[in-house]
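> A structural model of the following input is requested.
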Amino acid sequence: MVISFQSLHFSFSVAVVGILLYPSILM
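As a prediction, the model looks like this:
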């Protein structure tokens, strides 16, 4: 259960960082 939560939190963090960096990559 803890491993699932950590992997979910990690993927969520990666998704947030990707969304924040996506516009700067386009520009």
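> what helix or strand does the residue most central in space within the chain sit in?
Centroid-nearest residue in the chain, with Cα atoms, centre = their mean: residue 14, separated by 1.7 Å. Residue 14 belongs to helix 2-26 when assigned by DSSP states H and E.
> ok now that helix, how far from the chain's centre?
Helix 2-26 sits 0 Å away from the centroid of its parent chain (Cα atoms, centre = their mean, to the nearest Å).
> that helix - what's its average pLDDT?
The average pLDDT within helix 2-26 is 88.
> mind listing what's buried in it?
Of all the residues in helix 2-26, not one is buried under the rule 16 or more other Cβ atoms under 10 Å. Every residue, glycine included, has its C-beta placed from N, CA and C.
> ok, and what's touching it?
With contact meaning Cβ atoms under 8 Å, 6 or more residues apart in numbering, helix 2-26 is reached by no other residue.
> so that it lines up with my notes, have the first residue be 55 from now on.
I'll keep to 55 as the first residue from here, and by that count the last item is helix 56-80.
> quick one: residue 59 and residue 75, what's the gap?
Using Cβ to Cβ, to the nearest Å, residue 59 is found at 24 Å from residue 75.
> swap in residue 67?
12 Å.
> next one: residue 56
Counting by Cβ to Cβ - residue 56 and residue 75 are separated by 28 Å.
> now swap in residue 60 and tell me
22 Å.
> for residue 63, same thing?
19 Å.
> same thing with residue 65?
Residue 65 is 16 Å from residue 75, by Cβ to Cβ.
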